[in-house]
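Q: sequence plus predicted model, see below.
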Amino acid sequence: MRELAIFIIKLKKLGITNEKIKEGIIETTSIGISNVEYHEEHFFALITKLYTEMLNAKELYINVCKRNNMKFNLPKSSLKHPRKLSFSDLIKHGQKNFNLKYTKLDVDQMSLIELFMNIIKSLCVHLVELRMLGFDDEAVYDVLLLTFALKTSLIPYIQKFLPKKIQELVSINNRLLRQLHEVKKEKYGEMEPTEISMDTRQGKAILVSGSNLKELELLLEATKDKGVDIYTYGHMLSAHLYPKFKTYPHLVGHFGKNLSNYLMDFTEFPGAIFLTRHSFLNVEKFFQCRIYTTDPVATKGVGIIKNNHFEPLIEATLNSKGFKETTRHEPIKFNLSEKFIVEKINEAAQKIESGKIKHFFTIGISNHTKLQEEYFKKFLDLLDDSCFVMSFSYSNDTDNILRINSNYGFPLTYKALDILTKNMSIEQLDPIILFTRCETHTFSNALYMKQLGINKIYFTDCSPALINPALTKFFRKIFDIKKYTTPERDLKEMLSNRK
């Protein structure tokens with residue numbers, strides 16, 4: 001990747017660009033840095049493609065320089081560049097490269113590099129989704145190229161420059177997150193109060209998991225006249241809030257308990273399952289044969305949808321047993337529009353400025369574990385009228401809790417903070433942020449809040465399937481991120497030493 005980035009930078013200076021390579025770099029980075037166990041054949045094909053692109057870029061750069069009688073400098077490489085590269089060659093090179101560069105690093109230095117890569121991955125995921133919605137950002141791409149071209153394994157660089165580079169990427173990533181939120185509203189309409197069905201109806205069905213709304217839209221278009229119902233799962237719940245998706249009668253509702261229960265929910269679903277790009281789920285073998293994804297790499301047994309041709313997914317659905325009967329369940333009610341939320345935050349801002357409210361909290365999207373539910377039930381019961389809570393999950397139905405059933409916790413949180421800090425500093429507001437779920441974008445968002453000057457951040461444990469536990473431990477230690485203990489103890493700590 002580093003060599004490819006160097007050659008692309010050199011070619012861009014000569015006025016030569018390549019959209020295909022650009023897309024490949026962003027896509028590979030967005031999926032390659034993960035704890036998900038990909039099928040080695042798929043992953044090798046992806047790396048081989050990137051390797052071939054690097055060789056082609058190198059050859060093009062040399063030829064252009066020769067034609068123009070220009071001197072050229074080639075980066076040093078620890079790998080000879082044969083046209084054919086075997087998987088064993090790749091493993092050997094990786095082991096050799098690791099021994100040369102990383103064995104001298106201590107645990108914290110390794111964790112800092114891993115955090116750096118996690119932020120890049122989060123940024124690339126946002127960039128891919130924006131590109132799919134028709135928006136691009138060449139400046140961000142240029143920053144990525146310069147970042148990849150750096151020798152991040154050098155100890156002096158890790159200690160002096162890598163923390164600064166992380167903070168730069170965090171700021172860019174936050175801008176992309178906010179832009180993505182606005183682009184979705186532009187494409188699909190303003191989110192509005194909605195009652196989402198949890199019923200299932202008799203017939204063939206596809207379950208869609210992930211957060212990529214564009215791919216859900218493409219699937220809905222492809223299944224319009226196929227006699228197939230579409231159900232959302234996990235983060236895809238938010239699709240039902242947009243007016244655009246209400247125009248599809250075969251988008252019938254939401255299925256399943258929650259993302260942390262996905263193994264059981266997937267097992268119970270009697271149809272094919274579609275994982276949109278960047279779902280990052282380790283899939284058990286006993287239902288892999290009916291799971292499909294648009295990611296270019298996947299775990300063994302998961303079908304890959306190429307160029308948005310959904311025929312294999314639809315065929316698998318028509319061959320499945322489907323729901324044998326209609327069942328009824330309590331619907332999920334989303335009663336708040338974004339406009340209403342902004343009005344309530346403005347009211348809270350006035351009360352904070354007058355001194356009626358002294359403490360502002362945000363509680364993230366629920367992880368839906370019994371232990372977490374019990375914790376926040378007790379926690380909210382301990383709060384008095386001097387506290388205002390913007391909650392994306394739990395509530396005790398009191399006036400000082402604004403409950404927002406939305407998967408867009410971060411964009412709305414930032415909008416709230418923007419409103420609240422119009423007439424006061426972030427230090428005066430002294431907000432308390434409670435992360436309740438750990439996923440791809442969590443570290444970047446927590447670091448951005450640190451950039452804003454927020455010091456009271458509480459963090460849930462991360463699933464080892466997604467995040468290396470050593471990274472979570474390092475992150476808490478270096479950035480002073482608190483860990484949940486008991487509601488009584490945590491609340492006492494949160495409200496003490498108010499600035």
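A: Sure thing, it's come through.
Q: every contact and neighbour count from this point should use C-alpha atoms.
A: Noted.
Q: buried set for stretch 352-367?
A: 352, 357-367 (16 or more other Cα atoms under 10 Å).
Q: just these: which are in helices?
A: Secondary structure assignment by DSSP state H places residue 352 of the buried residues of stretch 352-367 in helices.
Q: now pLDDT and distance to residue 471 too, for the buried residues of stretch 352-367, in JSON lines please.
A: Formatted as JSON lines, the buried residues of stretch 352-367 follow (pLDDT from 0 to 100; distance: Cα to Cα, whole Å):
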{"residue": "352", "pLDDT": "94", "distance to residue 471": "36"}
{"residue": "357", "pLDDT": "95", "distance to residue 471": "36"}
{"residue": "358", "pLDDT": "94", "distance to residue 471": "34"}
{"residue": "359", "pLDDT": "95", "distance to residue 471": "30"}
{"residue": "360", "pLDDT": "96", "distance to residue 471": "29"}
{"residue": "361", "pLDDT": "96", "distance to residue 471": "26"}
{"residue": "362", "pLDDT": "94", "distance to residue 471": "24"}
{"residue": "363", "pLDDT": "93", "distance to residue 471": "23"}
{"residue": "364", "pLDDT": "88", "distance to residue 471": "21"}
{"residue": "365", "pLDDT": "75", "distance to residue 471": "22"}
{"residue": "366", "pLDDT": "65", "distance to residue 471": "22"}
{"residue": "367", "pLDDT": "61", "distance to residue 471": "20"}
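Q: which of the buried residues of stretch 352-367 fall in strands?
A: Residues from the buried residues of stretch 352-367 lying in strands, with DSSP state E as the criterion: 359-363.
Q: ok, so of the residues you listed, who is nearest residue 107?
A: Within these, proximity to residue 107 (Cα to Cα) peaks at residue 363, which comes in at 31.4 Å.
Q: surely that closest one meets residue 388?
A: No. The pair residue 363 and residue 388 does not pass the contact test of Cα atoms under 8 Å, sitting 10.9 Å apart.
Q: now do the shared contacts for the two.
A: Contact criterion Cα atoms under 8 Å, 6 or more residues apart in numbering; residues shared by residue 363 and residue 388: none found.
Q: follow-up on the earlier one: would you format the buried residues of stretch 352-367 as TSV with distance to residue 31 included?
A: Below are the buried residues of stretch 352-367 laid out as TSV (distance: Cα to Cα, whole Å):
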residue	distance to residue 31
352	42
357	43
358	43
359	39
360	36
361	33
362	30
363	28
364	25
365	23
366	25
367	23
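Q: can you list the buried residues in stretch 261-270?
A: Across stretch 261-270, burial judged by 16+ other Cα under 10 Å covers 262, 266, 269-270.
Q: now the element after the lowest-mean-pLDDT helix or strand in the chain, going C-ward?
A: Least confident helix or strand, the chain: helix 87-101 with a mean of 65, by mean pLDDT, DSSP states H and E. Later in the chain than helix 87-101, the nearest helix or strand by DSSP states H and E is helix 107-132.
Q: now for that next one, which elements pack on it?
A: Of the remaining helices and strands, those touching helix 107-132 by 3 or more Cα pairs under 8 Å, 6 or more residues apart in numbering; DSSP states H and E are helix 19-32, helix 155-160, helix 162-188, helix 442-452, helix 469-479.
Q: worst mean pLDDT among those helices?
A: Across the helices and strands packed on helix 107-132, helix 155-160 has the smallest mean pLDDT, namely a mean of 71.
Q: neighbours of residue 19, how many?
A: Neighbour count of residue 19, defined by other Cα atoms under 10 Å: 8.
Q: what of the one 10 residues further on?
A: Applying other Cα under 10 Å, we find 19 residues neighbouring residue 29.
Q: residue contacts, the residue lying closest to it once chain neighbours are set aside?
A: Nearest non-adjacent residue to residue 29, counting by Cα to Cα, 6 or more residues apart in numbering: residue 121, 5.9 Å away. Contacts for residue 121 (Cα under 8 Å, 6+ apart) come out as 29-31, 33, 440.
Q: the residue of the chain most remote from its centre: what secondary structure?
A: The centre of the chain is farthest from one residue, residue 69, which by Cα atoms, centre = their mean lies 46.0 Å away. Three-state call for residue 69 (DSSP: H, G, I helix; E, B strand; the rest coil): coil.
Q: for it, which residues are in contact?
A: Contacts for residue 69 (Cα under 8 Å, 6+ apart) come out as none.
Q: ok, so of the ones in strands among the buried residues of stretch 352-367, who is nearest residue 240?
A: Distances from residue 240 to these, taken as Cα to Cα, are shortest for residue 363 (22.2 Å).
Q: show me where this protein has strands.
A: Along the chain, counting by DSSP E, strands occupy 194-196, 205-209, 229-233, 251-254, 272-275, 291-293, 303-304, 332-334, 359-363, 387-391, 401-403, 432-434, 456-459, 482-483.
Q: looking at these, which one has the lowest mean pLDDT?
A: Mean pLDDT is lowest for strand 332-334 out of the strands of the chain, coming in at a mean of 83.
Q: residue 444 touches residue 175, doesn't it?
A: No. Applying Cα under 8 Å, one finds residue 444 not in contact with residue 175, separated by 11.5 Å.
Q: higher neighbour count, these two?
A: Per other Cα under 10 Å, whichever of residue 444 and residue 175 has more neighbours is residue 444, with 25 against 13.
Q: any idea how far that one is from residue 118?
A: Distance from residue 444 to residue 118, counting by Cα to Cα, to the nearest Å: 8 Å.
Q: and if you look at residue 327?
A: 41 Å.
Q: so those two - more neighbours on which side?
A: residue 118 (24 against 11).
Q: what's the closest residue to residue 328 other than its chain neighbours sitting at in phi/psi?
A: In this structure, residue 328 finds its nearest non-sequential neighbour in residue 199, 4.7 Å apart by Cα to Cα, 6+ apart. Dihedral angles of residue 199 (phi, psi; degrees, to the nearest 10) stand at phi -70, psi 160.
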